[in-house]
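[1] give me a model of this one.
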Amino acid sequence: MTGLENAQLDELVTRVHAHRGGFTSRGRGYSLGLYMSVALVVFLLRENPTQTLAAAVFGVSQSTVSRRFDALRDVIATVLADMLPDPAEAARGCTVLVDGTLANTWDWRSRNDLYSGKHRDTGFNLQIATTLSGRLLAVGTPVPGARHDAHAWQASGLADTLDGLHVAADLGYIGTGVLTGTRAPAGGELSPDRAEANKALSAIRAVVERAISHLKNWKILGSRCRAPLDKYESIVRAVTALHFYKFSECL
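    Have a look, this model is predicted:
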C-alpha cells in the first residue's frame, strides 16, 4: 500500500513522532493514531486513491483523511530532507541529464496556465535531473504546464540547483546554456556528423525517461492529481523525499 518496506515505514513514523509528537485529544481518542496516519498519507501519495476510498480502507471518515493529509504531508518532507542528495556530490563530476515531464492535474476553471499544447493535457511541468546511469538527482519546483521546458528549467529552480555542473538536455532547452543537440535549419538537413551527434545524445538521454517513470510510480504524480492546486508543491516535495528515502540504500 505504501511502497515502503515495513522497516522503512517504522523508521519514518519514528522520525515524524520525534518531529511533531503523536495525535492527542482532550476528549475521546482519535480514530487513527500516528502510525496508521503516516501510513495513510504515504498510501495517498503512492496510490492516489480518492479520499473516500482511503477512508474506507483505513476505517475512518473522509474528513479525517483530509486532515491527516494536510497535517503530515509537509512533516514527511521535512523529516526526510536529509535523504535528498547534493547534486554536485552525487554527479561526481559527470554530466547531468535534464528533462521535463507533465504531471497531470484536473483542469481547474480558475487556472488557464495548466494546459500543455505539447501533451494536450493539463498539469504541471516537472523538471527532473539524473546522473548518466539514470539515478535521480533532483526535482524542480512544479511550473504550470503551459510553460515550455526552457522556461521551466529556470522557473523551477533547477538551473540554480545545478549551477556549475555540466548539463545535457534535448532540443527544448536550446538557448539555455546547457548542452543540447542541433536543430535542423528551416528547409534543410543536418550534416551527417551533426545528425550522428544528435543520435548519440538521444541515446544517452533515454535514461532520464526511465527515472521519470520510476518517480511516477508515486501515482499522485503519475496519474491525475485530485488535490487542490495550492497543495501541489508540497505534494511534490513529499513524494521526492519519499522516493529518495525508499532507495536510500542504493545511493
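
[2] report the contact partners of L9.
    Under the criterion of C-beta atoms under 8 Å, 6 or more residues apart in numbering, the contact partners of L9 comprise T2, V38, A39, V42. For glycine as for every other residue, the C-beta is placed from the backbone atoms N, C-alpha and C.

[3] quick one: F244 and L136 touch, right?
    Yes - with contact defined as C-beta atoms under 8 Å, F244 counts as touching L136 (7.2 Å).

[4] show me the contact partners of the longest helix seen in the chain.
    Identified as the longest helix of the chain according to DSSP state H is helix 192-215. Outside helix 192-215, the residues within contact range by C-beta under 8 Å, 6+ apart are 97-99, 101, 128, 130, 132-136, 139, 168-170, 179-182, 189-190, 221-222, 239-240, 243.

[5] so after the one helix or strand S66 maps to, what's the next helix or strand?
    Here S66 is covered by helix 62-79, with elements defined by DSSP states H and E. Sequence-wise, the next helix or strand downstream of helix 62-79 (DSSP H and E) is helix 87-91.

[6] give me the contact list for that following helix.
    Applying C-beta under 8 Å, 6+ apart, the set of residues contacting helix 87-91 from outside is V96, A129, T131, R135, L137, A138, T161, L162, G164, L165, L251.

[7] what of stretch 108-120?
    Under the contact criterion C-beta under 8 Å, 6+ apart, stretch 108-120 has outside partners 102, 105, 107, 121-125, 144-148, 229.

[8] how about it: buried residues?
    Within stretch 108-120, the residues that qualify as buried by neighbour count (16 or more other C-beta atoms under 10 Å) are L114, S116.

[9] in this protein, which helix or strand is least confident?
    Ranked by mean pLDDT, DSSP states H and E, the helix or strand of the chain with the weakest confidence is helix 192-215, at a mean of 84.

[10] filter the contacts of helix 192-215 down to just the buried residues.
    Neighbour counting by 16+ other C-beta under 10 Å classes 97-99, 101, 128, 130, 132, 134-136, 139, 168-170, 180-181, 221-222, 239-240, 243 among those as buried.

[11] quick one: which of these sit in helices?
    Of the buried ones among the contacts of helix 192-215, the ones assigned to helices by DSSP H are L221, G222, V239, T240, H243.

[12] is it possible to export those residues to JSON lines including pLDDT and distance to L12?
    Supplementary listing: these in JSON lines, determined by pLDDT from 0 to 100; distance: C-beta to C-beta, whole Å:
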{"residue": "L221", "pLDDT": "97", "distance to L12": "19"}
{"residue": "G222", "pLDDT": "95", "distance to L12": "21"}
{"residue": "V239", "pLDDT": "98", "distance to L12": "14"}
{"residue": "T240", "pLDDT": "98", "distance to L12": "15"}
{"residue": "H243", "pLDDT": "97", "distance to L12": "13"}
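
[13] would a markdown table of these with distance to L53 be doable?
    As requested, those are exported to a markdown table (distance: C-beta to C-beta, whole Å):
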| residue | distance to L53 |
| --- | --- |
| L221 | 18 |
| G222 | 17 |
| V239 | 19 |
| T240 | 24 |
| H243 | 23 |
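
[14] quick check: the farthest pair among these?
    Spatial extent of these (C-beta to C-beta) is set by the pair G222 and T240 at 13.6 Å.
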